[in-house]
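S.K.: next input, structure requested:
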Amino acid sequence: RTGVYPTTGPQTLKGILWRFETYGTVSSSPVVYNGMVYFGSHDGYVYAVDSATREERWSQGPFDHVVAAPLVFDGVVYIGGLNDFFYALDALTGERLWVFRTTGSILSSAALSDDRVYVTSADGYLYALDRHTGQKLWDFETDYFVTSSPALSEGVIYFGSADGRLYALDAITGEQHWAFQSGGSIMSAPAIVQDTAYFGAHDHQFYAVDISTGEPRWTFETV
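M.R.: Residues are numbered from 1 along each chain as shown. Model prediction:
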């Protein structure tokens, strides 16, 4: 889940190649994997569509509204819905491989490292799950709901919470390294570049934080 694909974009625009209709609004960002486009819809379904022909290969649901972007890795689609559940689906068939239940809606996209998949929930937790079985390895509770997608770098997982904090946790144990307190809710995923975490908050500030110490490098005020 980087949003970057090793291919070239169109040099000229000649019109719409194809359009695929669901039965709800689509706010889930798509992921392209092995010639397939995977995405969710507010109709509660996850779709797999052939990127060349527009043919629907499968749909799976209903999962209430699906607003998160899927994570696709090693033939498995990982995605959550507003029904509080997080799913692992076979990328070829859509078969449910396992299901994990949280106690809040899942609006964020998951992150993966080795045999662990990480997902946040509006119940205020970040969960670390075994990516093969869905078994919970550990969880971490914040003081409010979480919609921030986690980011992973060098064995540390970073994510924000509506409690206004950016958290840095050990990806293996879940131990907290530090928490930076901003002045407002953090709803989006941080971007980690070298030794700095970049993110915005609902206090009209954009932050750059040292990932080694959790101390601010600078802030930028928006209007």
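S.K.: check the gap between D50 and L92 for me.
M.R.: D50 is 12 Å from L92, where distance means CB to CB, to the nearest Å. In short, each C-beta sits where N, CA and C put it, glycine included.
S.K.: one more: S161?
M.R.: Taking CB to CB, one finds S161 at 36 Å from L92.
S.K.: now do A48
M.R.: Taken as CB to CB, the span from A48 to L92 is 8 Å.
S.K.: please apply the same query to F63.
M.R.: Using CB to CB, F63 is found at 19 Å from L92.
S.K.: so between the two, which is more surrounded?
M.R.: Neighbours were tallied for F63 and for L92 using other CB atoms under 10 Å; the higher tally belongs to F63 (23 against 14).
S.K.: tell me where this protein has helices.
M.R.: Along the chain, counting by DSSP state H, no stretch forms helices.
S.K.: give me the most central residue, it.
M.R.: Nearest to the centroid of the C-alpha atoms of the chain, with distances taken as CA atoms, centre = their mean, sits S109, at 1.3 Å.
S.K.: list the contacts for that one?
M.R.: If you count contacts by CB atoms under 8 Å, 6 or more residues apart in numbering, S109 has them with R1, S29, A68, A69, P70, L71, I79, S149, A189.
S.K.: can you count the residues close to the second one?
M.R.: What that stands for is S29. A total of 14 residues lie near S29 under the criterion other CB under 10 Å.
S.K.: what's the closest non-adjacent residue to it?
M.R.: In space, S29 comes closest to A69 once its chain neighbours are excluded; the distance is 3.9 Å by CB to CB, 6 or more residues apart in numbering.
S.K.: swap in the last one?
M.R.: Nearest-residue entry for A189: S149, 3.9 Å, with adjacent residues in sequence omitted and distances by CB to CB, 6+ apart.
S.K.: now for the one you found: which residues touch it?
M.R.: Neighbour list for S149: R1, A68, S108, S109, A110, A111, T120, F159, S188, A189 [criterion: CB under 8 Å, 6+ apart].
S.K.: so where is this protein shaky, pLDDT-wise?
M.R.: Scanning the chain for pLDDT under 70 picks out the ranges 1-7, 9-10.
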